[in-house]
Every structure is written in C-alpha cells, then in structure tokens.
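Chemist: how does the following fold in three dimensions:
(3 chains)
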Amino acid sequence: MSEAGPPRRGKPPVFLERQSYRRRRVIDAARVLPFIGMLLWLVPLLWAEEGAAAVRSSSAILYLFGVWALLVLGAVVLSSRLAAQGRYGAETGGEGG
Amino acid sequence: MLNTLVAVCSAYALFLFAVAFAAERAALRGQATWLRSPMVYTLSLSIYCTAWTFYGAVGSAVRSGFEYLTIYLGPSLVLVGWWWILRKLVRIGRSQRITSVADLISSRYGKSNLLAVGVTILAVVGTTPYIALQLQSVTLSFEVFGVGDLATGEEKGHTALWVAAGLALFTVIFGTRNLDANERHNGVVMAIALEAIVKLAALLAVGVFVVWGLSGGVSGALDKIDASPLGHWEIDGGRWAGLMMLSAAAFLCLPRIFQVLVVENDNETHLRTASWAFPLYLGLMSLFVVPIAVIGLEMLPEGSNPDLFVLTVPLSQGRDGLAVLSFLGGFSSATSMVIVAAIALSTMVSNHVVMPLWLRFAGGGAKVSGDVRHVVLLARRLSIIGVVMLGYLYYRLSGGGAALASIGLVSFAGVAQVLPAMLGGIFWRGASRLGALTGLTLGFGCWGYTLFLPSFGPGAVLPEAWLLDGAFGLHWLRPHALFGIGGMDPLLHAVFWSLALNTGGFVLASLASFPQPLERLQGAQFVNVFEHSTGPRSWAGRVAPTEDLMVMAQRILGARDARLLFEREAQRQGLRGGLPAPTPDFLETLERELAGSVGAATAHAMVGQIVGGASVSVEDLMAVADETAQMMEYSARLEAQSQELARTAAQLREANAKLTRLSVQKDAFLSQISHELRTPMTSIRAFSEILRDTTGLSAPEQSKYASIIHDEAIRLTRLLDDLLDLSVLENGQVNLNLREGLLSEVLDRAVAAAAADEHGARLRIDRDPAAERIWLNTDLDRLSQVFINLVANARKYCDAAQPALDIRVRTGEEVVIDFIDNGTGISSEAQDVIFEKFSRVSDQKAGGAGLGLAICRQIMTRLGGEIAYLPGQGGGAFRVILPANIAMAAQ
Amino acid sequence: MLKRVMLIEDEPNIIEAISFILSREGLAVDTHSDGTTANDRLRACRPDLLILDVMLPGKSGYDILRELREDADTAELPVLMLTARGQSRDREMAERAGVSAFMTKPFSNAEMLATVRTLVAGGV
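Modeler: Coordinates of the predicted model:
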C-alpha cells in the first residue's frame, strides 16, 4: 500500500486529442487563479503608508475591489468553460493531489 | 417604535417559519427542483456572514481600516480555488456520507471516536462564544431602537432569551425532520437563503443610501473617504496576510460552513457556480463598509458605537424604514448563523458523544432497533437546545460587551486547528490517527493557552501573573510570548504557534506511527476519492482501488491467500508483478472468492462499496469482515485440530497394524524356527535310519545318502550360524574387523560368492567400475555379507524373464550403493516387514530362512550406515548408505 | 494288486527318502512337488494313499486336503499329513480338514511305514 503504487491505468498517452487538451488547460487555469488572486491581494503590503507617497484609500478601494471583480469574472469564465466541456470531475487529470 | 419593531420581527420570524415549512412541503411533493438550484446553494454559504460581520465590519473599518476585508478575501480565494480543496471535500462528503467536520476527521482516521469527540469539543468551545456574540448583537440592535425604553440587564437578558428560545424552536422543528443527517434540510436551507438575500439587500440599501443619498454619488463618496481619518492606506502587513489565511482556514473548518458547503450539498456542479457567485456575494457585502464607516464617523456624535453604524446612520437621518430593513439584515445574519451552527454542533454532539454513551449505558449494545430512531432524534433535539442555551448562558455570564467583540477571530483561530488534520487527511495517505490526535491536541492546547483563555481578560481564567511572567513563573511560557518571542500581535502569535505545533506534531506523529487497516483503507478512499467514487454523471471509466480491494480481501481471505489470488489475477492479465487492474472480470472473480467466505450478498456489497457508490457504510462492512475473519480463524483452528487428531489416529492405526503384523510374526517365529530346523533334520533322520536299517544297499546308494546327510547337516549348521550371528548383532556384541579396501573389490567378491552359492537362473549384473573406485575403511567382510545377501536375493526373487541387477554407486557426502533389479519388486505392505526376521517375500522355498535382510540391517547399523528399501524404482531396489567417514578416511 | 501311494512334498531329499522307504515296502510311489496342480494330478493318478506336506509352494496342504474331501471321488481317500511345524494347532487344523493320520517331521522310518501300511490296508 505504498504511495508510489503501480501505475493504475498503464502509460497515459503523450498527446491528447484537442478537446481533452483544452479541458486540461482550463483546469490548469482554475488551479492557478486563486494564487494570482492571492498575489494581487498581497500587493498592498508593498504600498507606502506614510508621507506624500501614501496610497489614498479611494485608490486602495478601487484596486482591491477591481481585483475582486477580475477574480469573479475569471471564475465565471472558467466555470462556464468547464461546464461546457462536459463531464465534471472526470478522469482526465482531475486529481488535484 | 419598539413595539413596531417587535411586531415586524415576529412577522419576519413567522414568515421564515412559513417559508421553511413550504419548502419542506414542496420537497416532500417532489417539487423541489428550484430548491436545489446552485444559487440557493451559494446563498446558503452566506451564513459565513454573521452579525459579527454585518455590524462588526463597519466597526472594524473604523478601528483598523481595511483589515475587515481580510475576513472576506480568504474565503473568496478558497472558493475561487475550489478545484484544489472544495471539490475534493464535497466529493468525499458525498461518497462517504459525512455528517460533520468531526465525522470527516473521525472517518478519515479509521472511524476514531476519540478524534470525533476531540473535534466536537473543539467545535463547541469555539462556537459557543460565537453564538453568544449573535445573541448580543440582536440584543444590542433592539437596544438601538429602544433607547431609554429598556435599560436594565434583566430586560436585555429577556430579549436574548426570547431570541435563543425562538431559534432553538425553529432549529428543532426544521433541523431534525430527517434522521439522516446527510439529507438536506430543505426548510432550513431555504430560510437561510432567504435571509442571505435580506441581509445583502439591507447592507446594499444602507450603502446605496450612504453613497448616493448622503455623499452625492461615487466620486463624492470617494472624496469623502480620502478626506476622512481612513483617508490613506494603513495596515499591519502581518495581520493583513495572516488574517487572510486564517479566514481561509476557518472557512474550511467552521462547523456551520462545513454543514452547508459539504453536508447540505446535493450536487457537485453547484460548487462551480458558487466558485464565482460566492466571492461576488462577499464582495458586495463588503463594498459599502468603508463608506458607511466614513459617513458614520462624520455624522454621528463622538463616542457612538461604530459597530452599530449600519443601524444608527439611517436612524439618525430619520429613515426608519431603512433602519428596520437594516435591523432585519442583522437579525437574519445572527439567526441564520445560530440555526446552522446549532444543527452542525448538535449532529456532532449527538452522533459522537450522546449516542455512544447511550448505546453503552442503555444496554442491549449496538443492536439498532426501531426505537433507536427516536433516541437519535431526541438526542439531536436536546443537543440543539443545549447548544443554543450554552450560547445564551455564555452571553449572560460573560456579561456581553467588549469581551465578546474579539471572539470572532479567537473562534476562527480555534476551529482552524482542524485544518492540518483535514488537509493532511485528504491529500496525504500517510496521515495517521495518532498524527491527527497529536496535532489537534497540541494546537488546541496552544490556542487555549495563548488566545482563548487570555481573551477573558487578565485574572479571569488565567492568573494575571501567568500573563506577565508565564505559567509557574516560567518566562518562556508567557501566553503572548511563547519561547521568548515577544512583540508579536497576540492573535498572530497564537495562530502561528498553535498551527506550527499542530502541523509539526501531526506530521511527525504520522511519520512515526503505523495506521490500522481501516485507517489505511479510509486514507486511500479519501486521498484518491476521484478514482474511487464516481462523478455525478460518469459511471463509465471508473477506477476501482485495487489496493483497497486487496486490504478488504486480506481481511476475509487471509493475507497469504489474498496475495496469491491477486498475483494469479495479475498474471492472467499479463501484468508482470504488481496488482491486477480492476477489470470487471477480476472484480467478478474477487467477488466470487469473497462470496465463499461471507456469502454472495455481502461480497457484492463489499466490492460495490469500494468500486462504486456508498450504500452501506465501510464500518459495517469492516465489522462484518472482522467477524468473518474471526469465525474463519476459529473454524480453521478447529479444522487444524481435527486434522491433527485424524493424523494421530492414522499414526496409531498404522502403529497398531505394524504391531499386529509383528506379533503375528513373533507367533510365527517359533514355528518358523521349528520348520527351518525340522526340514533338514527330517532328511538326516530318514537317511540315517535307511543306512542303519537297510541291508544290501549298493555302494553308490550308500555314498549318495551319506552325502545328503552331510549336506543337510551343513544346511542346519548354517542356519544355526545365521541365528547366532543375528543374535550377536542384535545384542551389539560384535567385534568389527576394520580394514582398508576398494568398494569395487568388495562388490566383486560378493557377486562371485552369490553366484557360487546359488544355482538359479542366470542374473545379469550391470556395474559401473569407475564409480566403484572408492577406498573404504570398514569391516569389509561384514559389508561383503550385506552385498552377498542383496545379490543373492535378486538372484532368488527377481521374477523377470531375463533377470538383471543394476548396481549403482554415487558418492556425495555419503557413499550410496543402489541394488535395483528388473523384477516386480516388493509390495508396499511387505516393504514394512522385509527387514524383520523370518520374513520372506513369497512362499517360495528359495532356500533362505528369511534372516538375510534382518542380518543386513543389523550389520549396516553396526557399520554406522543404513540399508533401506527404495520404493518406486520399477523393480526390487535396495539402497545401502555408507557414512562419509568410512569413505573419507581412506582417501 | 500293487497299491499306489502319492507323495506331495517339495523338499527333494525328503521325497527321495520317503520314496526309497515305500518302494522297499512294495508300494508304487508317485511324487509331486507343486501345491497348485496337486488336485488335478491326484484325480489323474487315483492313488490308494496320499502323503501330504503342509508347506507347499502355491497352495497349502490344508487347502489341498479340504478340496479333496469335497470331491466325491476322493472324499474317502486316506491321507497322511506331514508337517515340520509340530504344534498342536497344526494337528487340529489337519483334523478339521479331514486328515486320516498326522505325523511330525522328523519321523522315524518304521513309524512312517507302519502308518502307511495301516492306511493302505483300509483302516486306521
């Protein structure tokens, strides 16, 4: 019962048909999106807080909620693409672990 | 005003009851498709936004600027990253029929009830203050409308009590309709979805009023913000990042979130919608927080409670209707949180604490009969009332106020302790029960010591001295500066140390321990849930976990047999080594094998359990498997015992038969000796009397009769010699005459002597002179006597048309000399006795007295070798084995 | 008329001795040394007396005797049995099988002769 068990499905094909390929890339994007969001939301850590260069709150609000809107938009696009491309949670590279 | 408010509030509550009731009815009639839309699911997630966030976000913005956002950013990221964790959690929850966070952890780590109880306690400790917080916010908001009308603590307490009682009633009615905790509570979900809309609408309405009504539009509002005390970006970087992560962690671990996110989920695709809709919801909820805070600061008198700006700003502008809406929003936030938290906690408490205790003390063991259903429901209802009342008591005892304000994040940090065990459990198969237990204990303890207990204030629970100088005066144990690392924000400090110790303990103990089979099975099911379970639409292309089948098969068939079966199947599939692929053929074979042990239905259920969906719990099956294994072990032991008995009986019978044969032979011994002696004597006596009594015998006659007498006398002598020889050999009184000589020469002499002795049919003798060139140091005469006997026996008894004797010599550790003839050999019954005295293979009077082989055996024993009959050689075959030292000594 | 004696025995020397003694007495002696064919030979020869050894190759003397007693032709034939195993059990077995006289080896020639004479004369 080791972690590196024998290959379960034999050798996976090197090249996938176009649809599977697209689906995988969408999944990749879905995986990356939260990290992009986190990075963008951590950007404020770099902002100056004192003096003339201090970021005004209105800019901060616009930036933070702008990122929020972009993330929501990205999630909408990806989830609709995943829905359109058929089966959810299917076998093709579905495993995140 | 207050009466109006009470009326509105009561009407709203009645409306919620009606909605919940209608939803239940619709679900019963099967018209619930609209109840199961992804939007309802997303809205139900909004119980994340409690009164603490509804009212508290503005207060937090006033006090700490943008920090309030982190509480929303973390969960947004978790939802946007649904593919990583939520997808897996939901699938596991569905395939394993998980009922709560405690159940998830317990189930993953081998159905450990200890872990379940631990997580339940953690959840209750973390949630009770949170419920108290909700009651406080409702009470406070009542107070806002009734300034002056009610001021006493008693009245405040009554409000909270009424609210608590109403919530408990609602939850009992709609939260315990179904026994199966995994089934959806349609009424509850519908009600909280509605409340989600109300609170969002309320906050948005206040926000719109503030921005467009009081600030003159978006740009005006932004200008006002920049001009306010919150005018520029100012944040503690550590808290910004740390709280973002903490809220993300808490979102995953909070019992009430888990309840709606996983337990109430009935379609995985809903998660896809929620992945964008819920972040959108959170964004909208937090959008107007800063403007409201800024306007509140600007318009309300100094010292107003910023936590109530959402109510007081509309009130101060005379917008009572808006204020009531806002009040309903806060009321909704508070009630929906309490309802779902009570359901989640009561499920844990009744499943993991009350029911195990009841089953233990009520007698009758775990035999679930009809009336247990009522016990479960009653336990759950009492748990709900208990949980809500615990929150109320906490509120009364803590006296409300500032002590509760910080409880939100404290509670977050507490439930986040479940995170390492949870994530480790679903991503790492090596995570073990001991690891989870260690991590949770360390994390819980550290959290309690550094954050929870100090949150009651100095001297409340922890002595003041401990806060300053550490427990027992140990400086490095200061609750806010563990290990001497001071100067950190107390919350971050606690979160850092508790999660670090928790994760460290979890990983180390997991690495060091070895999980039980059930743990490993569950680990495989959790970590590889997408291979084990089937998606909502795809039943094809499923991949069964061969390893799990192996674990299961081992429990039933035994380790060795299971391994053999799997190896055989792998070979049949043409796989070299490893496990077989779970093809339908293989599954059928396995099922058949298992059916032999546990019956077809159980076997089918077992295989189905691992391969497909879950209709029977793994625990049940494992229990069956364990029982079966025990019974099989028991019956195998019985079988072994009876086999041993049978073996012993067979041995006894054999020994008895041999004794009987020997006894018969011993009886025959005297008559044998008598016969052997009397036969020659008969001739001697007869001829001697003839010679004596007969007159006129011719000379040739006389001479012939005399020589007959002579021959028979010699025969008699030889017989007596043999008897004596045997007697001497048997008594061990023989002196060996050790000499050196070649084996070939000994054989030469023996063959010649045997030929001279007998006058039967010609016997062809095949020998291998090369192999016979072995020097021996032994009693050559005695050895020769053995060989003579064997050759003579072959000559006498070989019944082939052209008798032949093959003498083969082989040298290894010992010298082995085989005498194999081409006759019919000796029957197996006779083989046992041929070395006994007077045993003849046939009735033929071949001249011997039946002592030859007995003497041979005695000689070989004397020489340190042995002689034996070789069965299965086609003819009569004897093997003489000379010990190594006889041959070696002379070489 | 010349009385015929048949001797069934497998030891050549004993055959020789008994043949010698009986020939001198004026009896015709047929000898046979195989148990299995003894009864056939007996029917062919129709002797006046049978001298039978117990231990014969192929078939024991007792069996030959029992078969012979069941055959009407030979049921009354006098039989003298010889045995080298001289235990009382052997004598009992011989008597049950229907023996006329029983002698243990080694025997005295005179005794043997006397017994044969009595049996050939038609009485014991």
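
Chemist: and for B:Leu140, the neighbour number?
Modeler: By other Cβ atoms under 10 Å in any protein chain shown, the residues close to B:Leu140 number 20. The C-beta positions use only the backbone N, C-alpha and C, and glycine is treated the same way.

Chemist: so which residue is dead centre in chain C?
Modeler: Nearest to the mean C-alpha position of chain C, by Cα atoms, centre = their mean, lies C:Ile51 at 1.3 Å.

Chemist: pretty sure that residue sits in a helix.
Modeler: No: assessed with DSSP: H, G, I helix; E, B strand; the rest coil, C:Ile51 is strand; it does not lie in a helix.

Chemist: quick one: residues contacting it.
Modeler: By Cβ atoms under 8 Å, 6 or more residues apart in numbering or on different chains, the contact set of C:Ile51 is C:Val5, C:Met6, C:Leu7, C:Ile8, C:Glu9, C:Ile18, C:Val79, C:Leu80, C:Met81, C:Leu82, C:Val116.

Chemist: any chance of a markdown table for the residues you listed, columns neighbour count, secondary structure and pLDDT?
Modeler: A markdown table is the format used below for those (neighbours: other Cβ atoms under 10 Å in any protein chain shown; DSSP: H, G, I helix; E, B strand; the rest coil; pLDDT from 0 to 100):
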| residue | neighbour count | secondary structure | pLDDT |
| --- | --- | --- | --- |
| C:Val5 | 25 | strand | 91 |
| C:Met6 | 23 | strand | 90 |
| C:Leu7 | 22 | strand | 91 |
| C:Ile8 | 26 | strand | 90 |
| C:Glu9 | 24 | coil | 88 |
| C:Ile18 | 26 | helix | 91 |
| C:Val79 | 24 | strand | 91 |
| C:Leu80 | 21 | strand | 91 |
| C:Met81 | 25 | strand | 90 |
| C:Leu82 | 25 | strand | 88 |
| C:Val116 | 24 | helix | 90 |
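
Chemist: separation between the residue of chain A found nearest chain B and C:Met93?
Modeler: Using Cβ to the nearest Cβ, the closest approach of chain A to chain B is made by A:Pro34 at 2.9 Å. From A:Pro34 across to C:Met93, the span is 108 Å (Cβ to Cβ, to the nearest Å).

Chemist: who has more neighbours out of those two?
Modeler: Comparing A:Pro34 with C:Met93 by other Cβ under 10 Å, the one with more neighbours is A:Pro34, at 24 against 19.

Chemist: need phi/psi at the residue of chain C found nearest chain A.
Modeler: Of all residues in chain C, C:Gly58 sits closest to chain A, at 72.4 Å by Cβ to the nearest Cβ. When read as degrees, to the nearest 10, the backbone of C:Gly58 gives phi 90, psi -50.

Chemist: can you get me a residue count around B:Glu676?
Modeler: 23.

Chemist: try B:Leu89
Modeler: B:Leu89 has 24 neighbouring residues, counting by other Cβ under 10 Å.

Chemist: list of residues touching the helix or strand hosting B:Val218?
Modeler: Take DSSP states H and E as the rule and B:Val218 turns out to sit in helix B:217-227. Here helix B:217-227 makes contact (Cβ under 8 Å, 6+ apart) with A:56-58, A:61-62, B:210-211, B:215, B:231-232, B:290-291, B:294-295, B:298.

Chemist: so where's the chain uncertain?
Modeler: All of this refers to chain A. Low-confidence segments of chain A (pLDDT under 70): A:1-17, A:51-52, A:85-97.

Chemist: if you could check chain C rather than the one you did, that'd help
Modeler: The model of chain C has pLDDT under 70 over residues C:1, C:86, C:123-124.

Chemist: can you give me the strands for it?
Modeler: C:4-8, C:28-32, C:49-53, C:79-83, C:101-104 (DSSP state E).

Chemist: using CSV, write down the CA coordinates of the third one.
Modeler: Extracted C-alpha coordinates of strand C:49-53, given in CSV (Å, rounded to 0.1, in the frame of the first residue of the first chain):
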residue,chain,number,x,y,z
LEU,C,49,-2.9,-93.2,-0.2
LEU,C,50,-1.9,-89.6,-0.2
ILE,C,51,1.1,-88.4,1.8
LEU,C,52,0.8,-84.6,2.0
ASP,C,53,3.3,-82.0,3.2
